[in-house]
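Peer 1: have a look at this prediction, sequence included:
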Amino acid sequence: MKYSVWNNGTRSYDYYATSGVPEIHAGAPPRVRTGALGATPDQAAWPLPAGARRVGSGDVPQGRIASLGGDSAVGIPSVVIYAAIGYFAWRALR
């Protein structure tokens, strides 16, 4: 199976290969939540499987679009972030 991961540094795709058999069905990546408005590129991409090896790079994607992982929120729930912002704003303005 072949995966393509966008590389901002080179402005091209890095290609990765796994020894698994390509799946023949189409569908959404497992991390995308239905009903949510919008998603980051990392959330909308398939996770790169463990053991994938880099096999090249190019201007166009090949296989599945994948992500090296990691969300922009770094696993911290939004409620915690908003609570921290509110607390520090309250401390600064009192």
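Peer 2: Right, received. Where do you want to start?

Peer 1: residue 52 and residue 18 touch, don't they?
Peer 2: Yes: with contacts counted by Cβ atoms under 8 Å, residue 52 reaches residue 18, the gap being 4.9 Å. Using the backbone N, CA and C atoms, a C-beta is placed for each residue, glycine as well.

Peer 1: and the two? which has more neighbours close in?
Peer 2: residue 52 (20 against 16; other Cβ atoms under 10 Å).

Peer 1: who touches that one in this structure?
Peer 2: 3, 16-18 (Cβ atoms under 8 Å, 6 or more residues apart in numbering).

Peer 1: thought residue 56 was touching residue 15?
Peer 2: Yes: applying Cβ under 8 Å, one finds residue 56 in contact with residue 15, separated by 4.7 Å.

Peer 1: neighbour count winner among these two?
Peer 2: residue 15 (20 against 11).

Peer 1: any idea which helix or strand carries the more buried one?
Peer 2: Using DSSP states H and E, residue 15 falls within strand 12-17.

Peer 1: by mean pLDDT, flag the weakest helix or strand of the protein.
Peer 2: Every helix and strand in the chain was compared by mean pLDDT, DSSP states H and E; the lowest is helix 41-44, with a mean of 72.

Peer 1: phi, psi of residue 6?
Peer 2: Reported as degrees, to the nearest 10, the phi and psi values for residue 6 are phi -70, psi 130.

Peer 1: tell me how many other residues crowd it.
Peer 2: By the criterion of other Cβ under 10 Å, residue 6 has 17 neighbours.

Peer 1: does it really touch residue 13, like I thought?
Peer 2: Yes: in terms of Cβ under 8 Å, residue 6 counts as a neighbour of residue 13; the distance is 5.9 Å.

Peer 1: for the protein, give me the ranges with low pLDDT.
Peer 2: When residues are selected by pLDDT under 70, those of the chain lie in 21-40, 69-78.
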